[in-house]
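Novice: Build me a model from this:
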Amino acid sequence: MDLKEFFRENPKCALAFSGGVDSTYLLYAAKKYGADVRAYYVKSAFQPQFEMDDALRLKEEIGAEMTVLKVDVLSDQTVRSNPKNRCYYCKKVIFSTILEAAAKDGYTLILDGTNASDDAGDRPGMKALQELRVRSPLRECGLTKAMIRSLSKEAGLFTWDKPAYACLATRIPAGEEITAEKLAATEKAEGYLFSLGFTDFRVRQMNGIAKLQMKEDQLEKLLLMREEILAELRKYYDAVLLDLEVRA
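Specialist: Down below sits the predicted model:
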């Protein structure tokens with residue numbers, strides 16, 4: 001099966017839309033193949049503002065309908081306590097909200113952007129999607145991340161080379177409580193580093209301490225700007241450390 005056939009068989013659907021590489025291409029393909037599709041973007045404390053900005057830009061460029069749903073993920077005690085399988089509970093909260101909103105709009109089929117490169121065996125959130133009967137056309141059609149980036153480039157989507165960006169909650173180690181303050185610190189710190197031209201990095205935190213994870217080719221620039229970066233990040237963290245096990 002390819003996406004053209006998928007949308008011929010499923011001409012009306014709702015899409016959990018993040019503004020990332022995968023869900024953007026899926027939204028583009030749905031529109032290209034004539035599906036009645038509506039995107040649902042969930043705004044929560046786990047998503048930085050730039051992700052929503054990208055989503056709003058993309059829905060205009062693709063010409064799709066989009067609903068923004070605000071969800072207080074931290075109101076769920078289990079999510080806030082941050083167990084190892086937090087993603088399972090978070091997906092339950094987010095996709096249950098999408099399912100309810102989509103049903104009111106007349107959509108019963110919900111799609112997400114999971115692709116064929118994603119390891120289902122190592123992702124608690126996948127279990128939640130299966131239980132809620134969310135379908136993943138990119139995965140079903142055998143499209144890998146590399147293939148989706150290539151197809152996105154051909155389609156002229158600016159997301160074709162957009163770095164992967166996991167939600168802000170992933171910066172906090174399992175077992176450490178997630179708070180709005182910690183998430184805000186992460187968003188500000190990473191936003192600052194983005195403004196300096198750094199890409200594909202993480203600012204992880206452990207009990208008030210920041211741990212920077214950078215690609216090797218960005219370390220020299222990081223060290224050259226050390227004092228400036230320290231001065232900014234110390235506004236949000238007690239200390240700033242560099243992880244020498246650099247990102248691949």
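Novice: check contacts around Lys59.
Specialist: Contacts of Lys59 were listed using CB atoms under 8 Å, 6 or more residues apart in numbering, and they are 17, 27, 39, 65-66. Just so you know, the C-beta spots here come from the backbone N, C-alpha and C atoms, and that holds for glycine as well.
Novice: Generate a PyMOL selection restricted to the buried subset of those residues.
Specialist: Entered in PyMOL, the line below selects the buried ones among these, by 16 or more other CB atoms under 10 Å:
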select buried, resi 17+27+39+66
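Novice: can you tell me which of the contacts of Lys59 are in strands?
Specialist: Judged by DSSP state E, the contacts of Lys59 include 39, 65-66 as members of strands.
Novice: With respect to Leu151, which of those is nearest?
Specialist: Ala39 (18.3 Å; CB to CB).
Novice: Excluding covalently adjacent residues, which one is nearest to that closest one?
Specialist: Distances taken as CB to CB, 6 or more residues apart in numbering place Phe17 nearest to Ala39, at 3.7 Å, with adjacent residues excluded.
Novice: so what's the backbone phi/psi at the one you found?
Specialist: phi -110, psi 130 (degrees, to the nearest 10).
Novice: which residues touch it?
Specialist: By CB under 8 Å, 6+ apart, the contact list for Phe17 reads 23-24, 27, 39-41, 55, 59, 66, 113.
Novice: Could you do Arg204 as well?
Specialist: By CB under 8 Å, 6+ apart, the neighbours of Arg204 are 171-173, 210-213, 243.
Novice: low-scoring stretches of this protein, by residue?
Specialist: For the chain, residues meeting the criterion pLDDT under 70 lie at 120-122, 246-248.
Novice: neighbours around Val23, how many?
Specialist: Just so we're on the same page, residue 23 is Ser rather than Val. 24 (other CB atoms under 10 Å).
Novice: Please report how far the closest residue to Asn207 other than its chain neighbours lies from Ala185.
Specialist: Distance criterion CB to CB, 6+ apart; nearest residue to Asn207, sequence neighbours excluded, is Glu176 at 6.9 Å. Counting by CB to CB, to the nearest Å, the gap from Glu176 to Ala185 is 13 Å.
Novice: Quick check: can you list the domain ranges of this protein?
Specialist: 3-161, 179-242 (automatic domain parsing).
Novice: Kindly reformat these as a markdown table containing distance to Cys167.
Specialist: Output for the domains of the chain, formatted as a markdown table (distance: least, CB to CB, whole Å):
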| stretch | distance to Cys167 |
| --- | --- |
| domain 3-161 | 4 |
| domain 179-242 | 9 |
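Novice: All set, thanks.
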